[in-house]
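Pasting the sequence and the predicted model now:
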Amino acid sequence: MTGARRRAFQADIALKYCDGNPNLTEIIFGWGRNTVATGLGEKRTGMICVGAQSGFCGRKRWEDLHPEVAAALRELAEAHCQQDPTFSSSTAYTRLTAAAAITHLRAQGFPPKSVPAKSTMAVVLNRLGYRLRRVLKAKPPKNCRKPMPSLPTSNTKT
């Protein structure tokens with residue numbers, strides 16, 4: 001359990017066994033009293049505290065920073081993609097390489113600063129679900145059956 005679910009559980013235990021006292025809960029169970037106090041406040045008000053660390057931490061994805069270029073990349077990749085011939089997976093295979101995608105995007109007039117490097121473009125294409133792979137034709141299944149040892153016709157005669 002993490003986040004709000006954990007704090008709700010800790011608040012329930014604090015109310016049940018420690019009369020809603022975060023300090024006593026810390027002594028008995030070893031949980032942080034600030035976390036228990038936050039959980040008790042969430043339970044009392046019905047409002048859940050959301051941490052800002054995940055929203056403001058880390059580098060934004062290229063697709064989020066340049067949505068118009070990402071949309072053009074999706075259109076370009078869709079034009080070059082082919083479904084898995086056996087239809088066994090939802091993976092779209094494409095013959096479009098990262099270098100070719102960069103060349104096409106620059107030819108469409110996007111500034112070089114908004115088009116990523118080749119290695120980043122490969123990561124973006126994989127993240128969008130386009131896998132660079134040679135597209136093979138579907139092979140028909142074989143019609144011969146496996147030999148059944150219980151049948152006399154399938155025994156090898158010497």
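In hand now; what should we look at? The shown structure was predicted, so the numbers you read here are calculated from the model rather than taken from an experiment.

ok, and the closest non-adjacent residue to Met1?
Leaving aside its chain neighbours, Met1 sits nearest to Phe9 (6.1 Å; criterion: CB to CB, 6 or more residues apart in numbering). In short, each C-beta sits where N, CA and C put it, glycine included.

doesn't Thr2 make contact with that neighbour?
No. Judged on CB atoms under 8 Å, Phe9 makes no contact with Thr2 at a distance of 10.7 Å.

the more surrounded of those two?
The neighbour count for Phe9 versus Thr2, taken as other CB atoms under 10 Å, is higher for Phe9 (13 against 6).

quick one, what contacts the most centrally placed residue in the chain?
Nearest to the mean C-alpha position of the chain, by CA atoms, centre = their mean, lies Arg127 at 8.1 Å. Arg127 makes contacts with 61, 63, as judged by CB atoms under 8 Å, 6 or more residues apart in numbering.

what number of residues lie near Gln122?
Quick fix: residue 122 is Ala, not Gln. By other CB under 10 Å, neighbour count at Ala122 equals 16.

Fine by me, we can end here.
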